[in-house]
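Undergrad: Sequence and computational prediction follow.
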2 protein chains.
Amino acid sequence: MVDTDSDGRRPVFAAERRQRILELVRANGAVSLRELAHAVQSSEVTVRRDLRALESEGLLNRHHGGATLPGDLNREASYVQKATLSSAEKSAIADLAASLVEDGDAIVVGPGTTTQEFARRLSRHTELAVVTNSLLVAQALAGFPRIEVMLTGGTLRGPILALVGSAAERSLAGLRVRRAFISGNGLTADRGLSTPNMQVACVDQALAAAAEEVVVLADHTKIGIDAMVQTVSAEQIDHLVTDDAAPRDVLDELGGKGVRLHVAQI
Amino acid sequence: MVDTDSDGRRPVFAAERRQRILELVRANGAVSLRELAHAVQSSEVTVRRDLRALESEGLLNRHHGGATLPGDLNREASYVQKATLSSAEKSAIADLAASLVEDGDAIVVGPGTTTQEFARRLSRHTELAVVTNSLLVAQALAGFPRIEVMLTGGTLRGPILALVGSAAERSLAGLRVRRAFISGNGLTADRGLSTPNMQVACVDQALAAAAEEVVVLADHTKIGIDAMVQTVSAEQIDHLVTDDAAPRDVLDELGGKGVRLHVAQI
DNA sequence: AGGGATCGGATCAAATTCGTTCATTTCCGG
DNA sequence: CCGGAAATGAACGAATTTGATCCGATCCCT
């Protein structure tokens, strides 16, 4: 109704701006001061002040040049590093995959850096219900009141911060959602999606089984690769989101097996 | 009161105007004072007065320049705020509590900044099995191969990054460990441990019920405080780890109820 | 380890908003 | 018709917010 552009020119309240900043930091894990200032249309001084206030509340950590999520969640630099590396493809894939989600959906999101990136894109949706076994995905979505995040139980697998084991699989039994967004280490037409770890593969299977449609997120480095354990066969995959550097022949082969292709332009 | 028989250009009643203001705020989420004044054809002073009244009723939040819906921009600072407070005490308490853990133990760790600190101290132990509903605790223990971390399932509660809800409680059913290390927002001899949130309280109860012995970690700022919902009665508490600034009388009272006291020297 | 560049903190100034006081208007009962 | 109470609007000083600028601190690259 009252749009803020034509007539209103309503000044953004300080609390609103801080909330926005918080969301941006939560969504991206780490944001530079300049980006924040540009995003909230304020001067860097003001953002600095906001960051100081938010830090004093323990809601984020301030660093030279920006701010990050609080706690030790990303002191483990490896995860963040991996996430920021090769971000162009991942980002494009995540964007495209997020467009497959509609407000009000119930979805499953598997572990992985690509799916984590994807999860961050979900913050603009509302009334979502997200089931995941990835702590990173859960963390990316924490703090958005319009998104309900449910974690499966299970044993923590340290290196990827995902929950595995029988408890994880059991908690997925009886669950039914519209779409599952999962990733993996390799994808071929013959053997479908695969990962090198047995436990992870078992949970991935359970994740896929809980959804009516399976969406696979895989950048070009994974297409044509075969890891050890098959998680989902090509026939079970309904959508594949990848980037335009993926080998054409494999994509065609997958398409022949009924996989709908979504190729992100880098 | 309701004498609207004569339809002739009656003045807008105050209650009517406030209702209109409320509608506008609800419809737009946030409205500037100027807009409101223009919309209800009143002076800004009057709107200011209305906003003050509406705020005192909790129907909206007032900000510099306007008003917003209540709750949207609240970030539940209460929990996090205390995180930066008294880190020296937390550290000492965490150290002392960690000495209650032995290699090979199976323990439960609840959410909270103190228990998170405690969890970090556990890395020197081996062959531990840790069950928790706190993402922060899980994260603190991730990457130590000698420690098996199991997360309960459940709905993610953003502000404290803990899992709550029936799924969390269900996953604890049938579990039996030696000790539960939990925290809270208040501890008195009469009402035991308490937190301000109902869901969190329910899970805390389940956590405590899964252990043979309950260990409470609470710094002096929480001793003598009573939050809203009781989680564990004083009789159920076997150990209390606190710091030496805790009020002596409350400690004695707790000791009289069978709580073994561990007081950390700052 | 050093130099250049960038970032953070502090002070100051401008603009806007808030709270209070006071005058005016309106409504109601006697 | 009149007096009082409540509500509204106007005005002015105080407080808050925001942005610009300067200078010290920090970081990065060589």
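TA: Structure's in. What do you need?
Undergrad: Enumerate the residues of the stretch 151-266 of chain A near chain B.
TA: A:151-156, A:158-159, A:161, A:163, A:165, A:167, A:171 (CB under 8 Å from any CB of the partner chain). Every residue, glycine included, has its C-beta placed from N, CA and C.
Undergrad: secondary structure element for A:Q139?
TA: Using DSSP states H and E, A:Q139 sits within helix A:135-141.
Undergrad: Could you list every helix and strand in contact with that helix?
TA: Secondary structure elements in contact with helix A:135-141, counted by 3 or more CB pairs under 8 Å, 6 or more residues apart in numbering or on different chains; DSSP states H and E, are helix A:113-121, strand A:128-132, strand A:147-151, helix B:135-141.
Undergrad: Go through that helix and flag the buried ones.
TA: By 16 or more other CB atoms under 10 Å in any protein chain shown, the buried positions in helix A:135-141 come out as A:135-141.
Undergrad: swap in stretch A:120-134?
TA: A:120-123, A:125, A:128-134.
Undergrad: Check those against DNA strand C and report the nearest one.
TA: A:R120 (22.0 Å; CB to the nearest atom of the strand).
Undergrad: Look up how far A:T113 lies from that closest one.
TA: For A:R120, the distance to A:T113 (CB to CB, to the nearest Å) stands at 11 Å.
Undergrad: do A:I223 as well
TA: Separation of A:I223 from A:T113 (CB to CB) stands at 16 Å.
Undergrad: right, and A:S91 touches A:E117 too?
TA: Yes. A:S91 is within contact range of A:E117, at 6.2 Å (criterion: CB atoms under 8 Å).
Undergrad: of these two, who's got more company?
TA: Higher neighbour count among A:S91 and A:E117: A:E117, with 28 against 18, using other CB atoms under 10 Å in any protein chain shown.
Undergrad: got a pLDDT number for the more buried one?
TA: We have a pLDDT of 82 for A:E117.
Undergrad: Over to A:R121?
TA: We note a pLDDT of 83 for A:R121 in this prediction.
Undergrad: which helix of chain A spans the most residues?
TA: Looking across chain A with DSSP state H, the single longest helix is helix A:14-28.
Undergrad: And the contacts of that one?
TA: Contacts to helix A:14-28, defined as CB atoms under 8 Å, 6 or more residues apart in numbering or on different chains, come from residues A:12, A:31, A:35-36, A:39-40, A:42, A:46-47, A:50-51, A:53-54, A:59-60, A:67-69, A:120, A:123, A:140, A:142-144, B:30, B:61, B:63-64, B:68, B:72-73, B:75.
Undergrad: residues from the stretch 1-150 of chain A in reach of DNA strand C?
TA: Selection of the stretch 1-150 of chain A residues close to DNA strand C by CB under 7 Å from any atom of the strand yields A:11, A:32-34, A:44-45, A:48, A:52, A:62-66.
Undergrad: Give me the subset of those residues that also touch chain B.
TA: When contact is defined as CB under 8 Å from any CB, those meet chain B at A:P11.
Undergrad: Buried only: go through the residues of the stretch 1-150 of chain A next to DNA strand C for me.
TA: When these are checked for burial by 16+ other CB under 10 Å, the buried set is A:11, A:33, A:48, A:62, A:66.
Undergrad: tell me which of those is nearest to B:P247?
TA: For these, the closest approach to B:P247 (CB to CB) belongs to A:R62, at 35.0 Å.
Undergrad: Not counting its own residues, what contacts the one helix or strand the closest one maps to?
TA: Assigned by DSSP H and E, A:R62 belongs to strand A:61-63. Outside strand A:61-63, the residues that touch it by CB under 8 Å, 6+ apart are A:30, A:51-52, A:55, A:67-70.
Undergrad: Of those residues, which is the nearest to A:R178?
TA: The nearest one, if we look at the contacts of strand A:61-63 relative to A:R178 and count by CB to CB, is A:L69, at 29.0 Å.
Undergrad: got the contact list for the closest one?
TA: A:25-26, A:29-30, A:60-61, A:139.
Undergrad: Next secondary structure after the helix-or-strand element of chain A with minimal mean pLDDT?
TA: Ranked by mean pLDDT, DSSP states H and E, the weakest helix or strand in chain A is helix A:77-84, scoring a mean of 38. Moving toward the C-terminus from helix A:77-84, the next helix or strand (DSSP H and E) is helix A:87-98.
Undergrad: Looking at the stretch 51-200 of chain A, which residue is nearest DNA strand D?
TA: For the stretch 51-200 of chain A, CB to the nearest atom of the strand, closest residue to DNA strand D: A:H64, 4.2 Å.
Undergrad: what's the answer for chain A, then?
TA: A:T46 (3.2 Å).
Undergrad: is it true that that residue lies in a strand?
TA: No. Membership of A:T46 in a strand is not supported by DSSP: H, G, I helix; E, B strand; the rest coil, which gives helix.
Undergrad: Quickly note the distance from it to A:R52.
TA: Taken as CB to CB, the span from A:T46 to A:R52 is 11 Å.
Undergrad: Same question for A:G154.
TA: 39 Å.
Undergrad: Which members of the residues of the stretch 1-150 of chain A next to DNA strand C are the farthest-apart pair?
TA: A:P11 and A:H64 (29.5 Å).
Undergrad: Can you give me the neighbour number for A:D249?
TA: Residues lying near A:D249 (other CB under 10 Å) number 11.
Undergrad: Buried residues, stretch A:157-175. List them.
TA: The neighbour-count check on stretch A:157-175 (16+ other CB under 10 Å) flags A:157-158, A:160-165, A:167-169, A:171-172, A:175 as buried.
Undergrad: Name the residues that touch it?
TA: Contact partners of stretch A:157-175, identified using CB under 8 Å, 6+ apart, comprise A:79, A:108, A:110-112, A:131, A:133-136, A:151-156, A:197, A:199-200, A:202-203, A:206-207, A:209-210, B:139, B:142-145, B:149-151, B:153, B:167, B:171.
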